[in-house]
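Trainee: Quick one: sequence and predicted model below, then my questions.
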Amino acid sequence: MADLKSMRFFQSPDHGCSYLEGVDATTIFADPEQPITTTDYTALSQLGFRRSGPYLYKPNCKSCDACVPVRIPVNAFTETRRYLRIRKKNKDLTTRISEPHDSDQVWRLYEDYINNRHADGDMFPPSRTQLLDFLVKGRPEARFVEYHLEDVLIAVSVMDQLDDSLSAIYTFFDPDHDHRSLGSLAILDLIQRTRALGFRYLYLGYWIAQSRKMAYKATFLPQERLTTDGWELITRHS
């Protein structure tokens, strides 16, 4: 078990929430200048921390607890008919694991995704520097899972491999293939990869009940959500 008592943390000033309009947010960051091992990162994930680029962070808002950490106990997960249909629909794709990298193909895919799916968010407009800082640079645990239709890259899922789990960091895909449900496919694949490694959990990040863009996370059941009393098992969609 990592010794987190010696780790330094910093709190950000209040800033506008990225998910809820008109709400102020505060974030705690693990000191990026301090060496953080994979074991440290694993322990922080168990406490609800997430990664963005090289930064490990956790919401610490004064008057809001909307951001709920979610993880899937993969051995208890059973694919529904909907998920089986998604797999069947994407049987023509091939996958490839790679080191995080900034190629022209990756950049074009990321740019199209942000422009079409997140033009109303704080990641718009996309830039190559943003791609590098957010998804390419960061930590040694990171890998790209690439999805190819013949020779064309149509989706990238970014994952981190921890000591006892995988963590789904981000997925971006070609908006022209929205009918394939590539975001859900990426999670289904990561569940399988987590099982194959003999790990118990796949971390999905934060679920926010009031956020329409976060709604898909609640459909992967059973799942565990972190509360003030620890991780709570959820078996029904709410």
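Mentor: Yep, it's here. For clarity, every value in this text was computed on a predicted model and none was experimentally measured.

Trainee: any low-confidence regions in this protein?
Mentor: 1-2, 238 (pLDDT under 70).

Trainee: So the residue nearest the centre of the chain versus Arg212, what's the distance?
Mentor: In the chain, the C-alpha nearest the mean C-alpha coordinate belongs to Ile169, at 2.8 Å (C-alpha atoms, centre = their mean). When distance is defined by C-beta to C-beta, to the nearest Å, Ile169 is 21 Å away from Arg212. C-beta coordinates here come from the backbone N, C-alpha and C atoms, glycine included.

Trainee: Tyr41 too?
Mentor: Relative to Arg212, and taking C-beta to C-beta, Tyr41 is found at 30 Å.

Trainee: Out of those two, name the residue with the larger neighbour count.
Mentor: Tyr41 (22 against 8; other C-beta atoms under 10 Å).

Trainee: my guess is that one meets Ser165, correct?
Mentor: No: between Tyr41 and Ser165 no contact is recorded; they are 10.2 Å apart, counting by C-beta atoms under 8 Å.

Trainee: hmm, back to that, next, the residue nearest to the centre of the chain: phi, psi?
Mentor: Phi and psi for Ile169, reported as degrees, to the nearest 10, are phi -90, psi -50.

Trainee: tell me the domain boundaries of the chain?
Mentor: Using automatic domain parsing, the domains assigned to the chain come out as 4-65, 79-200.

Trainee: Is it possible to get TSV of the ones you listed that adds distance to Trp231?
Mentor: Formatted as TSV, the domains of the chain follow (distance: least, C-beta to C-beta, whole Å):
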stretch	distance to Trp231
domain 4-65	8
domain 79-200	11
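
Trainee: out of those domains, nearest to Lys217?
Mentor: domain 79-200 (8.4 Å; C-beta to C-beta).

Trainee: what separates the closest one from the chain centre, distance-wise?
Mentor: 9 Å (C-alpha atoms, centre = their mean, to the nearest Å).
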